[in-house]
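[1] Structure of the sequence below:
(chains A and B)
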There are 2 protein chains.
Amino acid sequence: MPTIKVPVTVPSPAEDCDLLRKAFQGWGKNERLIISILAHRTAAQRRAIRATYAETYGEELLKSLEDEISGDFERAVLLWTLDPADRDAQLANEALRGWNPSNRVLIEIACTRNSSELLDMRRAYHLRYKRSLEEDVSKYTTGDFRKLLMPLVSSYRYEGIEVSRNLAKSEAKMLHEKITEQAYSHEELIWIITSRSKAQMIAIISHYKNEYGKAIIKDLKNDRQNKFVAALRAIIRCTCYPQKYLEKVIRLAMKGQRIDVNSITRIVTTRAEVDLKEIASTYYKKNNVPLEQAIKGEISGDHKKMLIALLGHDDV
Amino acid sequence: MPTIKVPVTVPSPAEDCDLLRKAFQGWGKNERLIISILAHRTAAQRRAIRATYAETYGEELLKSLEDEISGDFERAVLLWTLDPADRDAQLANEALRGWNPSNRVLIEIACTRNSSELLDMRRAYHLRYKRSLEEDVSKYTTGDFRKLLMPLVSSYRYEGIEVSRNLAKSEAKMLHEKITEQAYSHEELIWIITSRSKAQMIAIISHYKNEYGKAIIKDLKNDRQNKFVAALRAIIRCTCYPQKYLEKVIRLAMKGQRIDVNSITRIVTTRAEVDLKEIASTYYKKNNVPLEQAIKGEISGDHKKMLIALLGHDDV
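    Below is the predicted model:
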């Protein structure tokens, strides 16, 4: 479930634009106003605001925001204000341009968005970058990772609940064989984990555990240093249990000497309208601290205020 | 351009359904009436007829048609009456279930439909078969063909006209190397021909010819018996010059002792609303016989009448 709070009576896009424009021109406290408007509008409402703004002032809202604010706060506001498909296209492109084998953003997008959201993202990618996502995956990634990521970003997983038990059985066997042989980049293994529906994947891993006595994720942990194997684990977890996976990304992002602000911003902005409530509740169970409190402890200023607002915990 | 002729004043779906239903119940000459209505309606109009028919009579129009008519005529009418995306899903599924290395139907669909038509087809495939097209490709095909067809059916080619000359140059070189080494199933070669936009592919093959003195298609003919290489040629020709490719499929279908009725029916029904005019005009240039005349010479009865109507040459 979403966490954002939208007022019972939403001002018209023209009213929102008018206030934003005045704020940009130096009237009043800009950052607070930006948050009080944008963090409390749905994707459709933000789209209407962007359209009205461009029509009224002859300038893109995102451009005005860029000129007005900066740093991590700017990044959170811009990501949030974008259309989800366009935002995912931008995140995927950034991930590819700075690609390294530890980067999981592409996996996160490919495995947590539903099939039609992924198609929308690929369409947005064409419009933004004048080429296909697959072309950029093939350009920026190499070796086994390319073999894995190409089908992953191209697949259009079935979303129904129908499961074939026989297939789950034979594919659990295949996965077990390949993992035992450490043939992690075997094409059958890659096809299975990149193309099966969520329901079918859950059936496969459940059968795997029953038949071979150990969870597939654990078997894939035998090879801890192998980044390719870590990517396989991420794909399986992210496809089967996206909220748990994303909670873990946030948890790890908070640990360490320097917190990983980008990951926190990304997950809050991309999930606030989807399932951030479940992610936050998983976080609370795992850490005994509410997510908003953890964020308040680690992030400051307007950036903090924006994330807390998206988490539904500001008092606007 | 399309070949079908739609009357200036189109009857309402209810009127069309009423006539069809009466025909099915034994009034008048059924086949002629079926052709005179369905072959002269666009995809949107046929969709409205299907919906109205189901609503009014509690039975699917396709089911009534199946009960009423038979043989090649039935196949032509059913394929035509289906929604294009649903029709492609059915054709792809048939091609996979009876798959063999000479079957080009999947390539024809993947390379002649535009990107959004292909996505619609993949969505229709989910609805019809409760699994994804990729899953079935991985189930029914094997070896190098699977390596080729998986990315081919999953790709979402960019459709803009922008071309990167540098990339075309380096990829023409890559293709030339791999073809010279007879490394036809090399992953780079497969990625290039399955993911590049039409404009980029044309730039690649044009650079190939200029730089290496011979068309890539000709170089790929050195290995005539190799069915995988034949599939590569089909993909390149079909992506770059779809109408020429489809004309050749019809031409070859007319040759030989037994004509390939299925291919003729498939191409006429799938292209009558798209580019059958160009295909027919290419056919005339190549064979000095109008396509409708060639079809009249090879196919008879109601099946012939249906195809001629779709070609825009009946006198309704």
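[2] Show me what the host helix or strand of A:L118 is packed against.
    Per DSSP states H and E: A:L118 is located in helix A:115-129. Applying 3 or more CB pairs under 8 Å, 6 or more residues apart in numbering or on different chains; DSSP states H and E, we find helix A:115-129 packed against helix A:84-97, helix A:105-112, helix A:133-140, helix B:115-129. Heads up, the C-betas are built off the backbone N, CA and C, glycines and all.
[3] Could you rerun that using 10 Å?
    If you count contacts as 3 or more CB pairs under 10 Å, 6 or more residues apart in numbering or on different chains; DSSP states H and E, helix A:115-129 packs onto helix A:84-97, helix A:105-112, helix A:133-140, helix A:143-154, helix B:115-129.
[4] For the stretch 151-300 of chain A, what lies in contact range of chain B?
    Counting by CB under 10 Å from any CB of the partner chain, the stretch 151-300 of chain A comes close to chain B at A:151, A:153-164, A:167, A:187-188, A:190-192, A:194-197, A:200.
[5] now do 8 Å
    Residues of the stretch 151-300 of chain A that fall close to chain B, judged by CB under 8 Å from any CB of the partner chain: A:151, A:154-160, A:162, A:187, A:191, A:195-197.
[6] Buried subset of those as a ChimeraX selection?
    Restricted to buried positions by 16 or more other CB atoms under 10 Å in any protein chain shown, the ChimeraX selection for these reads:
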select /A:151,154,155,156,157,158,191,195,196,197
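[7] From the residues of the stretch 151-300 of chain A next to chain B, which land in strands?
    Using DSSP state E, the subset of these located in strands is empty.
[8] Sort out for me which of the residues of the stretch 151-300 of chain A next to chain B are in helices.
    Mapping these onto helices (DSSP state H) picks out A:P151, A:S154, A:E187, A:W191, A:S195.
[9] So of those, which two are at opposite extremes in space?
    Using CB to CB, the two most remote members of these are A:S154 and A:E187, lying 14.5 Å apart.
[10] for the ones in helices among the residues of the stretch 151-300 of chain A next to chain B, which one is nearest chain B?
    A:S154 (3.6 Å; CB to the nearest CB).
[11] by contact count, what packs against whichever strand or helix holds A:A231?
    Using DSSP H and E, A:A231 sits within helix A:227-240. Packing contacts for helix A:227-240, counted by 3+ CB pairs under 8 Å, 6+ apart, involve helix A:105-112, helix A:143-154, helix A:187-195, helix A:198-212, helix A:216-219, helix A:242-254.
[12] so which of those helices is the most packed in?
    Across these, averaging neighbours per residue (mean count of other CB atoms under 10 Å in any protein chain shown) puts helix A:105-112 on top, at a mean of 23.
[13] Could you see whether chain B lies near that one?
    No: Helix A:105-112 does not reach chain B (CB under 8 Å from any CB); its nearest approach is 12.1 Å.
[14] quick one: which of the helices and strands packed on helix A:115-129 is nearest A:E59?
    Using CB to CB, those put helix A:84-97 closest to A:E59, at 17.8 Å.
[15] Which neighbouring elements make contact with the closest one?
    Packing contacts for helix A:84-97, counted by 3+ CB pairs under 8 Å, 6+ apart, involve helix A:71-81, helix A:105-112, helix A:115-129, helix A:133-140, helix A:261-271.
[16] Just send the ones you listed back as TSV, with distance to B:R258 and mean pLDDT too.
    Listed next are the helices and strands packed on helix A:84-97 as TSV, based on distance: least, CB to CB, whole Å; pLDDT from 0 to 100:
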stretch	distance to B:R258	mean pLDDT
helix A:71-81	61	97
helix A:105-112	47	97
helix A:115-129	41	95
helix A:133-140	40	94
helix A:261-271	57	97
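[17] residue ranges with poor pLDDT in chain A?
    Along chain A, segments meeting pLDDT under 70 span A:27-29, A:315-316.
[18] okay, now A:I299: neighbour count?
    Counted with other CB atoms under 10 Å in any protein chain shown, the neighbours of A:I299 add up to 23.
[19] That one and A:I264 touch, don't they?
    Yes: with contact defined as CB atoms under 8 Å, A:I299 counts as touching A:I264 (7.1 Å).
[20] which residues do those two both contact?
    Counting by CB atoms under 8 Å, 6 or more residues apart in numbering or on different chains, the shared contacts of A:I299 and A:I264 are A:L307.
[21] re earlier: now the helix holding A:A231: buried residues?
    In helix A:227-240, counting by 16+ other CB under 10 Å, buried: A:V229, A:A230, A:A231, A:L232, A:R233, A:A234, A:I235, A:I236, A:R237, A:C238, A:T239, A:C240.
[22] Name the nearest of the residues you listed relative to chain B.
    Using CB to the nearest CB, these come closest to chain B at A:T239, 13.5 Å.
[23] Switch the helices and strands packed on helix A:227-240 over to CSV; also include distance to A:D72.
    Below are the helices and strands packed on helix A:227-240 laid out as CSV (distance: least, CB to CB, whole Å):
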stretch, distance to A:D72
helix A:105-112, 17
helix A:143-154, 27
helix A:187-195, 33
helix A:198-212, 33
helix A:216-219, 32
helix A:242-254, 13
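[24] ok, back up a step: would you convert the buried residues of helix A:227-240 into JSON lines that also reports distance to B:Y57?
    Converted to JSON lines, the buried residues of helix A:227-240 look like this (distance: CB to CB, whole Å):
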{"residue": "A:V229", "distance to B:Y57": "58"}
{"residue": "A:A230", "distance to B:Y57": "58"}
{"residue": "A:A231", "distance to B:Y57": "54"}
{"residue": "A:L232", "distance to B:Y57": "52"}
{"residue": "A:R233", "distance to B:Y57": "54"}
{"residue": "A:A234", "distance to B:Y57": "52"}
{"residue": "A:I235", "distance to B:Y57": "48"}
{"residue": "A:I236", "distance to B:Y57": "48"}
{"residue": "A:R237", "distance to B:Y57": "50"}
{"residue": "A:C238", "distance to B:Y57": "47"}
{"residue": "A:T239", "distance to B:Y57": "43"}
{"residue": "A:C240", "distance to B:Y57": "45"}
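[25] Kindly indicate which of those residues lies nearest A:N287.
    A:R237 (18.0 Å).
[26] For that closest one, which non-adjacent residue is closest in space?
    Leaving aside its sequence neighbours, A:R237 sits nearest to A:Y245 (CB to CB, 6 or more residues apart in numbering or on different chains; 4.7 Å).
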